[in-house]
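1. With the sequence up front, the predicted model follows.
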Amino acid sequence: MEISVYYEDTDCGGVVYYANYLKYFERGRTELLEAARFSLSDLMGEGIVFTVVQCEIFYRSPARYRDILRIETWLTEATRTVLNFSYRIIEKKSGKRIVEGNTKLVSVGLNGKVRRLPQEMADRLATIVTPPRA
């Protein structure tokens with residue numbers, strides 16, 4: 001997916017504020033799951049949500065106001081309770097790697113306790129798992 005960097009995304013120097021990359025990661029994984037016809041709203045209706053329990057982010061180069069960024073997202077592991085995602089954010093025009101990262105999410109019930117995904121959902125997620133990329 002591609003996004004445009006807006007002024008609101010930047011710090012006083014016109015560089016994307018470091019924490020905003022986490023929002024970009026969220027957008028990437030939401031789009032990936034929705035493209036795989038895995039409805040987060042359906043899961044919420046069943047009382048299942050995902051919470052981030054671990055995050056790694058590696059800043060390679062600054063992105064700036066008005067840059068167009070390509071967010072690459074892939075699922076590297078899927079079990080009935082854990083989803084691991086990897087990300088790469090690239091500036092479209094130059095091809096520079098801006099940020100790389102990983103997140104680990106756990107499925108929980110509305111009470112915040114770990115809750116297994118239904119087996120058929122876990123099976124569908126397993127079909128979009130791809131190995132980590134270089």
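-> Noted; the coordinates are in hand.
2. Hmm, Gln54 is touching Phe85, no?
-> No - the criterion here is C-beta atoms under 8 Å, and Gln54 misses it with Phe85 at 10.7 Å. C-beta coordinates here come from the backbone N, C-alpha and C atoms, glycine included.
3. How about the contacts made by Arg66?
-> Taking C-beta atoms under 8 Å, 6 or more residues apart in numbering as the definition of contact, the neighbours of Arg66 are Ser4, Val5.
4. which helix is the longest one in this structure?
-> Of all the segments assigned as helix in the chain under DSSP state H, the longest by residue count is helix 20-35.
5. what sits up against it?
-> Contacts made with helix 20-35 from outside it, assessed by C-beta under 8 Å, 6+ apart, are listed as 1, 3, 9, 40, 55, 57, 59, 69, 71-75, 85, 87, 89, 99, 101, 103, 105, 128.
6. In this structure, where is pLDDT below threshold?
-> In the predicted model of the chain, residues 132, 134 satisfy pLDDT under 70.
7. Going along the chain, name the helices of it.
-> For the chain, helices defined by DSSP H occupy the ranges 20-35, 40-45, 119-126.
8. Run the angle between the longest one and helix 119-126 for me.
-> Read it as helix 20-35. 110 degrees (axes from the mean of the first three to the mean of the last three C-alpha atoms, to 10 degrees).
9. so who does Ala78 touch?
-> Contacts of Ala78 were listed using C-beta under 8 Å, 6+ apart, and they are Asn84, Ala122, Leu125, Ala126, Ile128, Val129.
10. what pairs with the last one across the strands?
-> Beta-bridge partners of Val129, counted by DSSP bridges, are Leu75.
11. Surely Gly109 and Ile48 touch.
-> Yes - using C-beta under 8 Å, Gly109 is in contact with Ile48, at 6.5 Å.
12. of the two, who's got more company?
-> Ile48 (18 against 13; other C-beta atoms under 10 Å).
13. Now do the closest residue to Thr130 other than its chain neighbours against Leu110, distance only.
-> Once its chain neighbours are removed from consideration, Thr130 has its nearest residue in Trp74; the separation is 4.7 Å (C-beta to C-beta, 6 or more residues apart in numbering). Taking C-beta to C-beta, to the nearest Å as the measure, Trp74 falls 28 Å from Leu110.
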